[in-house]
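S.K.: Compute the structure for the input listed below.
(chains A and B)
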Amino acid sequence: MTSLTPPEKDGNRLTVQAADNTSGESCRTFIFRKENHTLGNCLQSILLKNPQVVFAGYTIPHPSEEIMHLRIQTTEGYPAQSALRKAFIDLKKEAEDLKKKFNSAVQEYETIPS
Amino acid sequence: MTEFSFSSKSRLTLKEFEIVNTSNYEFAGHFSKGEKEQDKERKVKIVKNEDLLLEFDLIGYEPYMANAVRRLMLSDVPTMAIEKVHIYQNTSIMQDEVLAHRLGLIPLKADPRLFKWKEGETGDEGTEDDTLEFSLHVKCKKNSQKNQSESQPYIDSHIYTKHMTWVPKGKQADLIIEPGPVEEDILINKMRPGHEMDIRMFAVKGIGRDHAKFSPVATVYYRLLPDIKINKDFYDQDAHRLQKCFSPGVVELEPTDDGRKKAVIVDARNDSCSRNVFRHEDLKDHVTLEKVKDHFIFNVESTGAIKPTDLVPLSLDVLLEKCDHFINEIDCQNK
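M.R.: Modelled structure (predicted):
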């Protein structure tokens, strides 16, 4: 089965930029290539639900470039990267859940006698 | 942690000069509900499922999810569309580039999941795995049949998508069932006797973000469920005026015991929220126009390539693929 997203030829789509040396693991800005509000808003909202996240926000520096910056600041001892990974896992769970609910709703609709 | 009363905060209110309570109170440290509680309240309900049109409700979900599904359907679900056009002969009035542009916009009935993405090196013609070839060869002639020449003076003067023929490559004839334009009667060009078109077209897989011709939906939009409350009883003339303020079917006049007619909200869902009530000084203070913040009414209209009931799961598959890709990159970077 071929992938739904176009193949990536230019290397990594996610790079990490640390703020400064004093903040350690808990402050990071993640730079996503070829991503926009679709993923950014989702990740931001899910990160804010995480009680160990102190700050989460995304921005698109310029609309002509498909680049998204996601800034995460967490509580002491919790790496920002783990927060991001957890957010992706939670997003996956939500999307799978929605897919399941949608498919069963379609089944339900088809079995109702019109 | 302060507790918010969700009954009042779950509604967005439309007032005369402002819209109140629009934000979702998203900031770090604010927890809305537990996970299990949220899951129980989340529902998906199909309201209408026709051939190309789907109307469904997302209840209990947050705006980021609804918007992600909408944006993914518009720009990230792949389809096939004509990308390269080889024009061998075009003596019609329409310029080559305008004609090529129009050909690209024709929606094609081909399942994009059966094709690979086209890599740049294979040239225009492509391979059997990633390209669909079509041919359009028409010549306009004068109608020589004497009895028809009054009503139909020309043969093939209007070129429709039904004149396009599929040219199978390699093993495509066994694997793919009759790909072609979704509609047979899309007008491509108009010609007169002597004009001829001889064109070869190559369709590839692409996404809406690259070019709108690759978007699988005519459009997809969502709106919030309206909630209208009348705080005072209105009868007869006033009730009739109130009924006219809203879309048809929202307010009905019910007969009361003493012979008068009372205005009653029957179904606020149909209302298009025109806020017409605020034009009437005597009615506006007794009506509350609200919207339910977590009830999204989606409307998906497909162009015909993929059924709308397949499009929504496909868009979620795209989202899952993106998540998998980035989880993979994070894990690789950590090694």
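S.K.: Can I get the helix or strand harbouring residue B:46 as CSV, trimmed to CA atoms?
M.R.: Following DSSP states H and E, one finds residue B:46 within strand B:43-49. Coordinates of each C-alpha in strand B:43-49 appear next as CSV, following Å, rounded to 0.1, in the frame of the first residue of the first chain:
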residue,chain,number,x,y,z
LYS,B,43,-20.1,11.0,19.4
VAL,B,44,-20.2,10.9,15.6
LYS,B,45,-23.6,10.9,13.9
ILE,B,46,-24.3,10.6,10.2
VAL,B,47,-27.2,12.8,9.2
LYS,B,48,-27.3,12.5,5.4
ASN,B,49,-25.4,10.2,3.2
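S.K.: That strand near chain A at all?
M.R.: Yes. Using C-beta under 8 Å from any C-beta of the partner chain, strand B:43-49 reaches chain A at B:43-46, B:49. The C-beta positions use only the backbone N, C-alpha and C, and glycine is treated the same way.
S.K.: got a list of contacts for that strand?
M.R.: Around strand B:43-49, the neighbours that count as contacts under C-beta atoms under 8 Å, 6 or more residues apart in numbering or on different chains are A:98, A:101-102, A:104-106, A:108-110, B:54-60, B:297, B:308-309.
S.K.: who does that strand pair up with?
M.R.: Looking at strand B:43-49 with DSSP bridges, its partner strands are strand B:53-59 (antiparallel).
S.K.: Show the subsequent helix or strand relative to the strand it pairs with.
M.R.: helix B:63-75.
S.K.: could you give the angle of that following helix to strand B:53-59?
M.R.: For helix B:63-75 against strand B:53-59, the angle by axes from the mean of the first three to the mean of the last three C-alpha atoms, to 10 degrees is 160 degrees.
S.K.: what's next to helix B:63-75, contact-wise?
M.R.: A:36-39, A:41-42, A:44-46, A:94, A:98, B:24, B:58, B:207-209, B:215-217, B:219-222, B:293, B:296, B:298, B:300, B:311-312, B:315-316, B:318-319.
S.K.: For residue B:122, grab the count of nearby residues.
M.R.: 12 (other C-beta atoms under 10 Å in any protein chain shown).
S.K.: cool, residue B:92 as well?
M.R.: 20.
S.K.: helix, strand or coil for it?
M.R.: coil (DSSP: H, G, I helix; E, B strand; the rest coil).
S.K.: For it, give me the pLDDT.
M.R.: What the model reports as pLDDT for residue B:92 is 95.
S.K.: returning to that earlier point: give me the buried subset of the contacts of helix B:63-75.
M.R.: Among those, the ones that count as buried by 16 or more other C-beta atoms under 10 Å in any protein chain shown are A:36, A:38-39, A:41-42, A:44-46, A:94, A:98, B:24, B:58, B:207-209, B:215-217, B:220, B:222, B:293, B:296, B:298, B:300, B:311-312, B:315-316, B:318-319.
S.K.: Look at residue B:281 and tell me its secondary structure.
M.R.: Going by three-state DSSP: residue B:281 is coil.
S.K.: ok, it - how many residues close by?
M.R.: Neighbour number of residue B:281 under other C-beta under 10 Å is 7.
S.K.: And for residue B:247?
M.R.: Counted with other C-beta under 10 Å, the neighbours of residue B:247 add up to 16.
S.K.: quick check, it in a helix?
M.R.: No. Counting by three-state DSSP, residue B:247 is not part of a helix but coil.
S.K.: In this structure it contacts residue B:271, no?
M.R.: Yes. Here residue B:247 reaches residue B:271: they are 4.9 Å apart, a contact under C-beta atoms under 8 Å.
S.K.: all strands of chain A, in order?
M.R.: Taking DSSP state E as the test, the strands found in chain A are A:14-18, A:27-33, A:53-59, A:67-74.
S.K.: buried residues in the strand holding residue B:46?
M.R.: Quick answer for strand B:43-49 (16+ other C-beta under 10 Å): B:44-46, B:49.
S.K.: Turn those residues into JSON lines, including pLDDT.
M.R.: Converted to JSON lines, the buried residues of strand B:43-49 look like this (pLDDT from 0 to 100):
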{"residue": "B:44", "pLDDT": "92"}
{"residue": "B:45", "pLDDT": "91"}
{"residue": "B:46", "pLDDT": "93"}
{"residue": "B:49", "pLDDT": "91"}
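S.K.: mind checking the SS state of residue B:311?
M.R.: With three-state DSSP as the basis, residue B:311 sits in helix.
S.K.: And it, how far from chain A?
M.R.: Distance of residue B:311 to chain A, computed by C-beta to the nearest C-beta, to the nearest Å: 10 Å.
S.K.: Centroid-wise, who is the farthest residue in chain B?
M.R.: Relative to the centre of chain B, the most outlying C-alpha is that of residue B:258, 48.8 Å out, by C-alpha atoms, centre = their mean.
S.K.: how about it, secondary structure?
M.R.: coil.
S.K.: Residue B:241 versus that one, what's the distance?
M.R.: Applying C-beta to C-beta, to the nearest Å, the value for residue B:258 to residue B:241 is 20 Å.
S.K.: Equivalent analysis for residue B:308, please.
M.R.: 39 Å.
S.K.: of those two, who's got more company?
M.R.: Set residue B:308 next to residue B:241 and count neighbours by other C-beta under 10 Å: residue B:308 wins out with 24 against 15.
S.K.: The more buried one - nearest residue in space that isn't next to it in sequence?
M.R.: Distances taken as C-beta to C-beta, 6 or more residues apart in numbering or on different chains place residue B:54 nearest to residue B:308, at 3.6 Å, with adjacent residues excluded.
S.K.: Okay, and the beta partners of that neighbour?
M.R.: residue B:49, residue B:300.
S.K.: looking at it, it is touching residue B:306, isn't it?
M.R.: No. Assessed by C-beta under 8 Å, residue B:54 is found out of contact with residue B:306, at 11.3 Å.
S.K.: quick one: which of those two has more around it?
M.R.: Using other C-beta under 10 Å as the criterion, residue B:54 and residue B:306 rank with residue B:54 on top: 25 against 21.
S.K.: got the contact list for the more buried one?
M.R.: Residue B:54 touches B:46, B:48, B:298-302, B:308-309, B:311-312, counting by C-beta under 8 Å, 6+ apart.
S.K.: ok so, going back, for the strand holding residue B:46, what is the distance to the chain centroid?
M.R.: Distance of strand B:43-49 from the chain centroid (C-alpha atoms, centre = their mean, to the nearest Å) equals 16 Å.
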